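> turn this into a model:
(chains A and B)
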Amino acid sequence: DGGITQSPKYLFRKEGQNVTLSCEQNLNHDAMYWYRQDPGQGLRLIYYSQIVNDFQKGDIAEGYSVSREKKESFPLTVTSAQKNPTAFYLCASIQGSAEAFFGQGTRLTVV
Amino acid sequence: AQKVTQAQTEISVVEKEDVTLDCVYETRDTTYYLFWYKQPPSGELVFLIRRNSFDEQNEISGRYSWNFQKSTSSFNFTITASQVVDSAVYFCALSERNYGGATNKLIFGTGTLLAVQP
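Numbers count the residues shown, from 1 in each chain, chains lettered A, B, ... in the order given. Below is the predicted model:
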């Protein structure tokens, strides 16, 4: 079954730690996106990649980093520079101008 | 710059009422795409519809209908005879097409929380 998988579903981070959220797709899509969602708010774009080995900053890239070494993978690292990382993170993939397919999300909590 | 505005933060209706969710967008491009997504409490986004900028024909799918008007930069979504299962957050989104042919970044509105009371 084709789809997009995010892991883990829940993640806890201590102050000052870096953590990496996984996003894998087997849809052969070129473009992949990371969004952040805070309670009662919309989806804000963190980073996106339209092709392997290339990515662009979204609206709230500070404190985050990504890589796109393989077409099917687009991991997001939440660094210690991100002062308020507690949020719901959604990954998506898109082919051309078609609709985006989303993963089930990762809920990150700072403890 | 791209922007999507969903002015209605929350809407509450009683079952069987009709409800319209508003979406207004801004874009510099003449070629763009508009989307609606549903986010149930589970969190995963469910695709509802995609519309390109050259197709202003309204669309109906069961109890759902969409009204696209370029003159007012709006892409509104109506649910007829709402049901409790329609309770969710609904997002409107916009993507522009760049000159290379691929889509540019996909931008979402802030969403409208729809609560349908039994």
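
> helix, strand, or coil at whichever residue of chain B sits closest to chain A?
Closest residue of chain B to chain A, CB to the nearest CB: B:Thr110 (3.6 Å). Every residue, glycine included, has its C-beta placed from N, CA and C. Using DSSP: H, G, I helix; E, B strand; the rest coil, the structure places B:Thr110 in coil.

> can you pull up the bridge partners for the residue nearest to the spatial centre of chain A?
Centroid-nearest residue in chain A, with CA atoms, centre = their mean: A:Trp34, separated by 3.3 Å. Here A:Trp34 sits in beta bridges with A:Tyr47, A:Cys91, going by DSSP bridges.

> rewinding a little: report how many residues lie close to the residue of chain B closest to chain A.
Other residues lying near B:Thr110 total 18 when counted by other CB atoms under 10 Å in any protein chain shown.

> around chain A, pick out the residues from chain B.
Residues of chain B lying near chain A by CB under 8 Å from any CB of the partner chain: B:6, B:9, B:33, B:35, B:42-45, B:47, B:50, B:52, B:91, B:93, B:95, B:97, B:101-103, B:105-111, B:113.

> neighbours of residue 9, how many?
As the question left the chain open, I've gone with chain A. 11.

> switch to chain B, please.
10.

> kindly report the same for A:Thr20.
The burial count for A:Thr20: 13, using other CB under 10 Å.

> need the pLDDT of it.
A:Thr20 carries a pLDDT score of 96 in this model.

> over to the one 10 residues further on?
Per-residue confidence (pLDDT) for A:Asp30: 91.

> hmm, back to that, how close does the residue nearest to the centre of chain A get to chain B?
Separation of A:Trp34 from chain B (CB to the nearest CB, to the nearest Å) stands at 11 Å.

> my guess is that residue contacts A:Thr77. True?
No: here A:Trp34 lies out of contact with A:Thr77, judged by CB atoms under 8 Å, at a distance of 10.4 Å.

> what touches both of the two?
Residues within reach of A:Trp34 and of A:Thr77 at once, by CB atoms under 8 Å, 6 or more residues apart in numbering or on different chains, are A:21, A:64, A:66.

> just the closest of those to B:Asp22, please.
Nearest to B:Asp22 among the shared contacts of A:Trp34 and A:Thr77 is A:Tyr64, at 31.3 Å by CB to CB.

> what residues are up against that closest one?
Counted by CB under 8 Å, 6+ apart, A:Tyr64 has contacts A:34, A:46-47, A:76-79, A:82.

> now the residue in chain A that chain B sits nearest to: how far from A:Arg68?
Nearest to chain B in chain A, going by CB to the nearest CB, is A:Gly42, at a distance of 3.6 Å. To A:Arg68, A:Gly42 is 24 Å away according to CB to CB, to the nearest Å.
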